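Trainee: pasting the sequence and the predicted coordinates here, then a few questions.
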Amino acid sequence: MEQFAHALADFVRLHQAWAAPIVFLLAFGESLAFISLLIPAWGALVAIGALIGVSGISFYPIWIAGAIGAALGDWVSYWFGYRYKEHVAQIWPLSRYPEILPRGEAFVRSWGVPSIFIGRFFGPLRASVPLAAGIFEMPYWSFQAANFVSALVWAAALLLFGDVIARIMEWIWRLI
C-alpha cells in the first residue's frame, strides 16, 4: 500500500491537473463499503495532501473533490444496504469478513445519526456504518446531513494532516 501511495503522489506531483479527479476516486473508493475493505486509500490521500504546500496544488478543489467522493461512496453504500438488506452479508468481500457488518450494526443502533460522523474516521466502521444505516432504514435526510458534513471534515483532516507533515519535514530539513 505504501508503494501505491508514493507512486500516486508522484503522479499527482507531475500531473497536477489530475489531482482532484484522483482524490475524488480515492475518497469514493475509501468510503464505498466493498472497495474500502480491499484497498484502503487513506495513505494515498495523506500523501497527496503532503503535496499541497510543497508543490503549489490548490487545497480547495482537492478538498471538495475528496469530500464529494467520500459522501458519494457512503451514499452508494447506504443505498446498497437499504436495497439489499440482510443479503448484503452474503456478498463478497463482506462474506469473508463476517464480523464487520455486526460491528457496524451495533454501532449504528447505539449511536444513531452521530454514528455516520464518527464511523467516517475509523477504518472498518467506515465501510460498514453506511451499509448498516441503510439496512436499518435510517432516515434519508438525517443520514445525508451527517454524511456530507463528516465527508467535508474527513477530507480536510486527511489532506491537512499530509500538508502539515510535509511542512514539518521541510522545516526540519532546513534546520539540518
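Mentor: Nice, thanks for sending it over.

Trainee: give the burial count for Leu175, as a bare number.
Mentor: Neighbour count for Leu175, taken as other CB atoms under 10 Å: 5. Any C-beta I mention is one placed from the backbone N, CA and C, and that applies to glycine too.

Trainee: and Leu25, by the same measure?
Mentor: Using other CB under 10 Å, Leu25 has 16 other residues around it.

Trainee: give me the element it is part of.
Mentor: Remark: Leu25 resides in helix 19-31, with elements defined by DSSP states H and E.

Trainee: please identify the buried residues of that helix?
Mentor: For helix 19-31, burial by neighbour count (16 or more other CB atoms under 10 Å) applies to Ala19, Ala20, Ile22, Val23, Phe24, Leu25, Leu26, Ala27, Phe28, Gly29, Glu30, Ser31.

Trainee: could I get the average pLDDT for that helix?
Mentor: Averaged across helix 19-31, the pLDDT comes to 92.

Trainee: how far is it from where the chain is centred?
Mentor: 8 Å (CA atoms, centre = their mean, to the nearest Å).

Trainee: now swap in stretch 152-165 and tell me
Mentor: Its chain's C-alpha centre and that of stretch 152-165 lie 11 Å apart, by CA atoms, centre = their mean.

Trainee: buried residues of that stretch, list them for me.
Mentor: Leu152, Trp154, Ala155, Ala156, Leu158, Leu159, Leu160, Gly162, Asp163.

Trainee: ignoring the adjacent residues along the chain, who's closest to the last one?
Mentor: Just to be clear, that refers to Asp163. Ile52 (4.5 Å; CB to CB, 6 or more residues apart in numbering).

Trainee: so which strand or helix has the one you found?
Mentor: Counting by DSSP H and E, Ile52 is part of helix 42-55.

Trainee: same thing with Gly162?
Mentor: helix 140-175.

Trainee: what's the angle between that helix and helix 19-31?
Mentor: Interaxial angle, helix 140-175 versus helix 19-31 (axes from the mean of the first three to the mean of the last three CA atoms, to 10 degrees): 120 degrees.

Trainee: for helix 140-175, enumerate the helices and strands it packs against.
Mentor: helix 19-31, helix 42-55, helix 59-84, helix 114-119, helix 123-135 (3 or more CB pairs under 8 Å, 6 or more residues apart in numbering; DSSP states H and E).

Trainee: what's the most buried one of the ones you listed?
Mentor: Highest mean neighbour count among these (mean count of other CB atoms under 10 Å): helix 123-135, with a mean of 26.

Trainee: list the contacts of that one.
Mentor: The contact list for helix 123-135 (CB atoms under 8 Å, 6 or more residues apart in numbering) reads 30-34, 36-37, 40, 74-75, 77-83, 85-86, 88, 97, 100-101, 103-105, 107-108, 115-116, 118-120, 143, 147.
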